[in-house]
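Undergrad: using only what follows, build the 3D model:
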Amino acid sequence: GGSGARGRGPGGGGGAASGGGGGGHMQDLLDAFAVFASAGGAFRQANKSLLEACWRRAASETDWETLGELRGSGSDGAYVRALGATPVARAARRCYDASFAVRP
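TA: Coordinates of the predicted model:
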């Protein structure tokens, strides 16, 4: 398990607080959340441990240290933009925003 608060994404880049931006890796993670959105609440409940593992991964990919620095800088706008771009925020939109759900 990861013990640090810093994102561990490959490459170390990807913008402020985005947590690495591992390209295909991040897309795969976000796609997993889209599957949960498409399948609905019953599927999320039946696969709760898998969903929790996805959330842990999204959290580990988020650069919490950079977010903390932005929050302390006094620029609320930059903080809110960076927060919205984090893997956790992107995952939340994928998992719970119906517009991301794939319907037959």
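
Undergrad: in stretch 46-53, which residues are buried?
TA: Neighbour-count burial for stretch 46-53 flags L51 (criterion: 16 or more other Cβ atoms under 10 Å). For every residue, glycine as well, the C-beta is placed using N, CA and C.

Undergrad: hmm, who's touching it?
TA: If you take Cβ atoms under 8 Å, 6 or more residues apart in numbering as the criterion, stretch 46-53 is touched by 36, 44, 95.

Undergrad: so the second one touches F36, yeah?
TA: I take that to be R44. Yes - with contact defined as Cβ atoms under 8 Å, R44 counts as touching F36 (5.2 Å).

Undergrad: next secondary structure element downstream of the strand or helix carrying A37?
TA: Element membership for A37 (DSSP states H and E) is helix 24-39. Sequence-wise, the next helix or strand downstream of helix 24-39 (DSSP H and E) is helix 41-46.

Undergrad: extract the C-alpha trace of that following helix and format it as PDB.
TA: Extracted C-alpha coordinates of helix 41-46, given in PDB (Å, rounded to 0.1, in the frame of the first residue of the first chain):
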ATOM      1  CA  GLY A  41     -26.300   1.400  -8.000                       C
ATOM      2  CA  ALA A  42     -27.000  -2.300  -7.700                       C
ATOM      3  CA  PHE A  43     -23.700  -3.100  -9.500                       C
ATOM      4  CA  ARG A  44     -21.800  -0.600  -7.400                       C
ATOM      5  CA  GLN A  45     -23.200  -2.200  -4.300                       C
ATOM      6  CA  ALA A  46     -22.500  -5.800  -5.500                       C
END
